[in-house]
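J.: Please work out how this folds:
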Amino acid sequence: MRVIALLLSLVITASFATAQSPKNTGKAESSGSCSLANSGSIKSVDIQCGIGEEQGRKIITLLNQVLAGDDLASINSKLDALLKFASEQQPRRLSKYQIDGLASFLSKSPDPDFVGISYNSNDRDTMLYAADFIKVFRDKRWHDVAVIMMGQSDPQFGVSVDISPEDKANPPQAALAMFQELKSLGIEAHGQLQAFLPKGKYGITIGLRPSQ
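T.: Below you'll find the predicted structure:
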């Protein structure tokens, strides 16, 4: 029950804080996955954390179920469901360990056979994840890396190292090395054939988040 009390305390505190009308102390700024906006007099505060309306309803439903629980086991089970749901809403990002490892791998001269990074531009999670990859490549002077934005007509999932169908029997060694590097960094990757790739060339696709 301490968890429920804490949740209620946070809700009450947030409601009380946003209801106050203190003097304007200047421009408020925020960073990270959530953003904060106010009217200037701070009579109202809007906190946006990048979740959709349907996701918000789901969170409220789960919280109501938690508050309606009669026993500790039921409450803990529903809290686990809420935490799992909340964690799934966090965008995929490369960790510092993964960024540093990939940067070290890319420290050699840019590979002329690497054609670029493809990603789905209609999905926020995918765009953020792809942006991490693109930044690492460009920071290591792979400036000529093409960025190919895909639509939703043929959605792809997860991270893949792509090769030409002509190389299916004998994939380029550089593509295999890239695949092994991603796997060693804990980035779930798979191989994929892409008809648009010329023989001997390879690339990376950042697809939609795989279904859990």
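
J.: switch to C-alpha atoms for all contacts and neighbour counts from now on
T.: Fine.

J.: care to break the chain down by domain?
T.: Domain ranges of the chain: 2-89, 96-206, per automatic domain parsing.

J.: biggest strand in this structure, by residue count?
T.: Longest strand in the chain, counting residues (DSSP state E): strand 114-120.

J.: could you say what helices and strands that strand packs with?
T.: If you count contacts as 3 or more Cα pairs under 8 Å, 6 or more residues apart in numbering; DSSP states H and E, strand 114-120 packs onto helix 124-139, strand 146-150, strand 202-206.

J.: mind listing the helices for the protein?
T.: Using DSSP state H, the helices found in the chain span residues 2-19, 53-67, 72-89, 96-105, 124-139, 173-184.

J.: quick check: mean pLDDT across stretch 188-196?
T.: Taken as a whole, stretch 188-196 carries a mean pLDDT of 93.

J.: List the contacts of Glu181.
T.: Residues in contact with Glu181 (Cα atoms under 8 Å, 6 or more residues apart in numbering) are 102, 105.

J.: switch to 6 Å and redo it
T.: Residues in contact with Glu181 (Cα atoms under 6 Å, 6 or more residues apart in numbering): none are found.

J.: Name the surrounding residues that touch the longest strand of the chain.
T.: Here strand 114-120 has contacts from 145-151, 201-207, using Cα under 6 Å, 6+ apart.

J.: What subset of those is buried?
T.: Neighbour counting with 16 or more other Cα atoms under 10 Å marks 145, 147, 150, 201-207 as buried within the contacts of strand 114-120.

J.: Which member of the residues you listed is positioned nearest Asp139?
T.: Minimum distance to Asp139 across those is 11.3 Å, recorded for Val145 (Cα to Cα).

J.: per-residue pLDDT, the nearest residue to that closest one once chain neighbours are set aside?
T.: Spatial nearest neighbour of Val145, excluding adjacent residues (Cα to Cα, 6 or more residues apart in numbering): Gly116 at 4.7 Å. The model reports Gly116 with a pLDDT of 91.

J.: next one: Gln20
T.: pLDDT, Gln20: 43.

J.: Could you do Ser87 as well?
T.: 60.

J.: likewise Pro112?
T.: 87.

J.: Now do the phi/psi pair for it.
T.: When read as degrees, to the nearest 10, the backbone of Pro112 gives phi -70, psi -20.

J.: what about it, how many neighbours?
T.: Per other Cα atoms under 10 Å, the neighbour tally for Pro112 reads 11.

J.: likewise the one 10 residues further on?
T.: Applying other Cα under 10 Å, we find 13 residues neighbouring Asn122.

J.: Tyr129 now?
T.: 20.

J.: which regions of this structure sit below the pLDDT cut-off?
T.: 1-56, 59, 62-63, 65-72, 74-75, 78-89, 151-153, 212 (pLDDT under 70).

J.: ok, back up a step: would you mind saying which of the helices and strands packed on strand 114-120 lies nearest Gln180?
T.: Within these, the stretch nearest Gln180 is strand 202-206; the backing value is 12.9 Å (Cα to Cα).

J.: Kind regards, and thank you for your time.
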